[in-house]
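*Asks:* Below is the sequence, then the predicted model.
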There are 2 protein chains.
Amino acid sequence: MNAVDSPYKPLDVDTLPARLVEIEEVTSRLGQDTSNWKVREVGDGNLNLVFIVESPKSSIIVKQALPYVRLVGDSWPLPLKRAFFEYHALTRQAERDPGSVPEIYFFDETQALIVMEFLSPHVILRHSLMQGVRHGGLAKVLGNFCARTLFRGSDLSMDTTKRKEDVALFVDNAALCDITENLVFSDPYFDAEMNRHTTPQLDDIVAELRADIDLKVEAQHMKSAFCTNAETMLHGDLHAGSVMVHGDETKIIDPEFVTYGPMGFDIGMLIANFLMAYYAQAGHEASPGERDDYREWILSVVDETWTTFSTEFSRLWREERTGILYQKTLYEDQGHEVAAEQALGHRLNAIWQDTLGFAGVEMHRRILGLAHNIEFESIENEDLRSQCERPSLKLGRQLVVNRSRMPNMAMVLDLAREFEGKKHA
Amino acid sequence: MNAVDSPYKPLDVDTLPARLVEIEEVTSRLGQDTSNWKVREVGDGNLNLVFIVESPKSSIIVKQALPYVRLVGDSWPLPLKRAFFEYHALTRQAERDPGSVPEIYFFDETQALIVMEFLSPHVILRHSLMQGVRHGGLAKVLGNFCARTLFRGSDLSMDTTKRKEDVALFVDNAALCDITENLVFSDPYFDAEMNRHTTPQLDDIVAELRADIDLKVEAQHMKSAFCTNAETMLHGDLHAGSVMVHGDETKIIDPEFVTYGPMGFDIGMLIANFLMAYYAQAGHEASPGERDDYREWILSVVDETWTTFSTEFSRLWREERTGILYQKTLYEDQGHEVAAEQALGHRLNAIWQDTLGFAGVEMHRRILGLAHNIEFESIENEDLRSQCERPSLKLGRQLVVNRSRMPNMAMVLDLAREFEGKKHA
């Protein structure tokens, strides 16, 4: 597994073929003749190098970590070990929800390099959301992915010794957690150095949010849950940029922010990104209202993602609850099926409240913090952009502060429509 | 640090002097002449060998782990590494609350052996509680110990990278956690093999509790919090057998069950053990009512322990909140002192509810599970013993199921008196 030259050296389009041609897992797919390999660097994320390598025979993706944050530069160092964590997350996700993530062909820890399946002609979900493109089955894949990876990575299912070994393994991904801890949960709520927002259009509401005591307290409660509540292995960065789509096919990528954390984090981030895409439509439609049907489709994806999640989570609870929590020995084996169902309801309710809280925080940080969403950022008219961002900030605040008093998704979606000035369902 | 012969070999009173005389940290205290050493094995706990070694010059405690559970025998193997965890817990507790734990003189990981300060003429707190002996300052030491170790071992105070390293270090103490997970949270609530209770006197209430769906669901919620909510470094076994007292001096010992977990666990277990001692008085007083004043003293210790904890926790929150949660940058530095106070209130409320839940579970497992309390067990008349245990079971149920609706300690203590048939305060 260590055919690539040590020590670590970042690849480029020129050096890549000579270094990958020694790897059997690569040449068995692309062939030995590097003269007909076509190499492109396509990384549009914030952190890594990503290459597509194509030969007449096949194609692969090569992802290599850089020792710093690509978005910021080498002034912000970041451990290469994140490739190790991504690799271990991908293999676990593939086991827990087969077919949901790209196939891994090769991993080199020293080179912080993962060779994997090239998903083609898939595109990043964000682009479809900006273009008004629908994808069948999207919510089903996402909801099932969350239910299966979150359930099967927890003490509800895993052997607890293995679960604890994984906690110890992934807790070392502290540098990437640190990014989430600061950039998601803290920086947006005060005038931190790396923040930016659409100014001066949003200055009033930004000032209002940063003076909002209830919001600032609840956002830190969410941070506390993220930092300490090691319920399960999270994807850790499950936004619309970590989802690839083509027609009715959906794949989940980029779990390098993997960490043990609370179940609601992944689902909350996912839902937040759909809600932001909903508010971004005004910046992408040809005329006001043209995308109204598409707006409703986005909300239907939010609704169906949660429904799919809770349905699949409930199925797993009933059929695969083999861990140390809420054991069948205590419940079903004693004739107390009702205890198992009651506990399931409580757990889903707790995940629901966490989901809303994390969703709200994510909606804030993408408008107030360092890393913004292209759905908003690509709206060049800043007045128009701020009109899209404003309702997102408002809904985010409601979700964070009132998360324990939101009865169901219908209520959340009606609130989303209300802030957008659209009719209730 | 490895002067004792490898490989691991359990000591006995005969082999101990020859093996310890090579350790400078021992001979500097006891001298070199082993012929005047007096060695006694005094382990009355469930797990380990404990020796007192006295010479004319001084005295020490030698604690050595056995590769199995002493209470059960070698049919139940248990890793020697627990001595390693105990050592690391003791050094951290000594830093976080100086003077609260015995001084460590020497640690040998291979021999699973800790040499430490002999607390003399201290006795285990349980014995004082059976004899009706009061100790001044007890609640102060215990409340401060909880506040300081729990606060200073958490993301409220620690550098988060160090906190995560400690999570990874202690998560390997899985075998001892497994004992807690099963014996405390699950076995008591069904007819598990190792359980025992005062029978037939308690058969009716035991059947009732094991058919109580609400209780069985809430007890598993407490287990889930224990397993996943890695807030801080817990003592992990903070009952009245882990507290040594002499006059007004109190020391805390035996943290081998150390684990990262929820703050309420230690305080809850502590309070539960006082409440059980309260109910055990009828089995130890010379005539009914003779110990009524002492009963009230025990309840005052419970009250003062919680008050001391919350007062000291609040002081630390205001003065030492240097971690990544609820940062001053976000609150005080923005002129939002009220946010800091509001968040503190929420955290204390969450700890309070956890405390009651864990206390209730502890009160059950000591009467229904494998490991019982000597305060009850030493009552030979089984009718009388069961009369002490019954109100404890009832109060435990109330604490577990209604923990989110108990306004304050006064209410809890009145409930304790109610089940004992005593007048409210």
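*Replies:* That came through, no problem. What you see is a predicted model; the values in this text were computed from it and never measured.
*Asks:* so which strand or helix has A:C388?
*Replies:* In this structure, A:C388 sits in helix A:382-401 according to DSSP states H and E.
*Asks:* now A:D254
*Replies:* Short version, using DSSP H and E: A:D254 is in no helix or strand.
*Asks:* Also A:Q111?
*Replies:* Here A:Q111 is assigned to no helix or strand, by DSSP H and E.
*Asks:* How many neighbouring residues does it have?
*Replies:* 23 (other Cβ atoms under 10 Å in any protein chain shown). The C-beta positions use only the backbone N, C-alpha and C, and glycine is treated the same way.
*Asks:* How about A:C146?
*Replies:* Count around A:C146 with other Cβ under 10 Å applied: 30.
*Asks:* got it, and A:E420?
*Replies:* Around A:E420 there are 21 residues (other Cβ under 10 Å).
*Asks:* Nearest residue to it in space, please, no chain neighbours.
*Replies:* Taking Cβ to Cβ, 6 or more residues apart in numbering or on different chains, and ignoring the residues beside it in sequence, A:E420 has A:P391 as its nearest neighbour in space, at 5.4 Å.
*Asks:* what's the spacing between that neighbour and chain B?
*Replies:* Taken as Cβ to the nearest Cβ, to the nearest Å, the spacing of A:P391 relative to chain B amounts to 25 Å.
*Asks:* can you check A:I351 too?
*Replies:* As it turns out, when the distance is counted by Cβ to the nearest Cβ, A:I351 lies 12 Å from chain B.
*Asks:* does that residue sit in a helix or strand, and which one?
*Replies:* Secondary structure assignment for A:I351, by DSSP H and E: helix A:337-368.
*Asks:* Could you pull up the mean pLDDT of that helix?
*Replies:* Mean pLDDT, helix A:337-368: 98.
*Asks:* Next: stretch A:127-134.
*Replies:* The predicted model gives stretch A:127-134 an average pLDDT of 98.
*Asks:* What is the distance between that stretch and the centre of its chain?
*Replies:* Centroid separation for stretch A:127-134 versus its chain: 18 Å, with Cα atoms, centre = their mean, to the nearest Å.
*Asks:* what about stretch A:23-40, how long is it end to end?
*Replies:* Across stretch A:23-40, the straight-line distance between its terminal residues is 19 Å, by Cα to Cα, to the nearest Å.
*Asks:* buried residues in that stretch?
*Replies:* Of the residues in stretch A:23-40, those scored as buried under the neighbour-count criterion (16 or more other Cβ atoms under 10 Å in any protein chain shown) are A:23, A:26-27, A:29-30, A:34, A:37, A:39.
*Asks:* What of stretch A:155-170?
*Replies:* Using 16+ other Cβ under 10 Å, the residues of stretch A:155-170 that count as buried are A:155-158, A:160, A:163-164, A:166-170.
*Asks:* Need the three-state assignment for A:L325.
*Replies:* At A:L325 the chain is in coil, as set by DSSP: H, G, I helix; E, B strand; the rest coil.
*Asks:* Could you verify my assumption that it touches B:C227?
*Replies:* Yes - applying Cβ atoms under 8 Å as the test, A:L325 and B:C227 come out as touching, 6.5 Å apart.
*Asks:* what touches both of these two?
*Replies:* Common contacts of A:L325 and B:C227, defined by Cβ atoms under 8 Å, 6 or more residues apart in numbering or on different chains, comprise A:D155.
*Asks:* Find the residue closest to the one residue in the stretch 1-150 of chain A that gets nearest to chain B in space, skipping its chain neighbours.
*Replies:* Closest approach of the stretch 1-150 of chain A to chain B (Cβ to the nearest Cβ) occurs at A:P79, with a separation of 11.4 Å. Nearest non-adjacent residue to A:P79, counting by Cβ to Cβ, 6+ apart: A:A175, 5.0 Å away.
*Asks:* Does that neighbour touch A:R82 like I think?
*Replies:* Yes - with contact defined as Cβ under 8 Å, A:A175 counts as touching A:R82 (7.2 Å).
*Asks:* Comparing these two, which shows the higher neighbour count?
*Replies:* When A:A175 and A:R82 are compared on other Cβ under 10 Å, the one with more neighbours turns out to be A:R82, at 20 against 15.
*Asks:* The closest residue to the more buried one other than its chain neighbours and chain B: what is the separation?
*Replies:* Using Cβ to Cβ, 6+ apart and skipping residues adjacent in sequence, the residue nearest A:R82 is A:E256, 4.6 Å away. Between A:E256 and chain B the distance is 17 Å, computed by Cβ to the nearest Cβ.
*Asks:* show me what contacts A:E256?
*Replies:* With contacts defined as Cβ under 8 Å, 6+ apart, A:E256 is in contact with A:47-48, A:65, A:82-83, A:85-86, A:89, A:176, A:236-237.
*Asks:* Nearest to A:P262 among those?
*Replies:* For these, the minimum distance to A:P262 (Cβ to Cβ) is 11.4 Å, reached by A:G236.
*Asks:* surely the closest one meets A:P262?
*Replies:* No - under the criterion of Cβ under 8 Å, A:G236 makes no contact with A:P262, lying 11.4 Å away.
*Asks:* Now for A:A211: which residues touch it?
*Replies:* By Cβ under 8 Å, 6+ apart, the contact set of A:A211 is B:H336.
*Asks:* just A:A350 next, same as before
*Replies:* A:G264.
*Asks:* sorry, back to before: the helix holding A:I351: how far from the chain's middle?
*Replies:* Here the centre of helix A:337-368 is set off from its chain's centre by 16 Å, with Cα atoms, centre = their mean.
*Asks:* Then stretch A:369-384?
*Replies:* With Cα atoms, centre = their mean as the basis, the mean position of stretch A:369-384 lies at 19 Å from the chain mean.
*Asks:* Flag every buried residue along it.
*Replies:* A:369-370, A:372-376, A:379.
*Asks:* what's the offset of stretch A:392-409 from the middle of its chain?
*Replies:* Offset of stretch A:392-409 from its chain centre (Cα atoms, centre = their mean): 20 Å.
*Asks:* can you give me the helices for the stretch 51-200 of chain A?
*Replies:* In the stretch 51-200 of chain A, the segments counted as helices under DSSP state H, counting those that start in this stretch are A:82-96, A:125-131, A:138-152, A:160-171, A:174-179.
*Asks:* Torsion angles phi and psi at the residue of the stretch 1-150 of chain A closest to chain B?
*Replies:* Comment: the main-chain dihedrals of A:P79 come out as phi -60, psi 140, following degrees, to the nearest 10.
*Asks:* so it sits right up against A:C177, yeah?
*Replies:* No - with contacts counted by Cβ under 8 Å, A:P79 stays clear of A:C177, the gap being 11.5 Å.
*Asks:* neighbour count winner among these two?
*Replies:* The residue with the greater number of neighbours, taking A:P79 and A:C177 and applying other Cβ under 10 Å, is A:C177; the counts read 24 against 17.
*Asks:* Give me the secondary structure label for the nearest residue to A:R134 once chain neighbours are set aside.
*Replies:* Beyond its immediate neighbours in the sequence, the residue positioned closest to A:R134 (Cβ to Cβ, 6+ apart) is A:W297, lying 5.6 Å away. Classification of A:W297 into helix, strand or coil gives helix, according to three-state DSSP.
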